[in-house]
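**Q** quick one, structure for this:
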Amino acid sequence: MTSEPLSQKEIEDRLGELPGWSLDGGKLTRSYRLGSHFAVTGLVVHIARTQDELDHHSDLTLGYHTVTLSVHTHSAGGALTALDFELARRVQELAPAHGAE
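**A** Predicted coordinates for the structure are as follows:
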């Protein structure tokens, strides 16, 4: 997967395929609410495994009942790339299994 920056049109199109995700300061972001701190921790571990598989890591903020991801590609000067959207898509797929909303 390439780390070439996406155009604004590509970003908007891909963002439309990820309900709940938004742009914040040029980063792709999403917060999930879960039923317990233990459930949040399980989701974070699952996200970490996915990030290692992709060799692409987000900023994660762990809260008592929430986890927030902030994604961009450092090697592309902080721009958004296909890799950012692939990570977001994978997180979007695995989050419901942890009871995330």
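
**Q** secondary structure element holding the closest residue in space to residue 56 that isn't next to it in sequence?
**A** Residue nearest to residue 56 in three dimensions, not counting chain neighbours: residue 83, with 4.9 Å by Cβ to Cβ, 6 or more residues apart in numbering. In this view, the C-beta of every residue, glycine as well, is placed from N, C-alpha and C. Residue 83 belongs to helix 82-94 when assigned by DSSP states H and E.

**Q** next, the buried residues of that helix.
**A** 82-88, 90-92 (16 or more other Cβ atoms under 10 Å).

**Q** over to stretch 57-73?
**A** 58, 66-67, 69, 71-73.

**Q** report all helices and strands that the helix holding residue 83 contacts.
**A** Where contact means 3 or more Cβ pairs under 8 Å, 6 or more residues apart in numbering; DSSP states H and E, helix 82-94 is packed against strand 27-33, helix 37-54, strand 66-71.

**Q** show me what the very next helix or strand once past the second one is packed up against.
**A** Going down the chain from helix 37-54, the next helix or strand is strand 59-62, by DSSP H and E. Using 3+ Cβ pairs under 8 Å, 6+ apart as the contact test, the elements touching strand 59-62 are helix 37-54, strand 66-71.

**Q** how about residues contacting strand 59-62?
**A** By Cβ atoms under 8 Å, 6 or more residues apart in numbering, the surrounding residues in contact with strand 59-62 are 40-41, 44, 47-48, 67-71.

**Q** most centrally placed residue in the chain?
**A** residue 88 (3.7 Å; Cα atoms, centre = their mean).

**Q** which stretches of this protein have low pLDDT?
**A** Applying pLDDT under 70 to the chain flags the ranges 1-2.

**Q** 90 instead, please
**A** Within the chain, the segments meeting pLDDT under 90 span 1-3, 75.

**Q** good, we can wrap up now.
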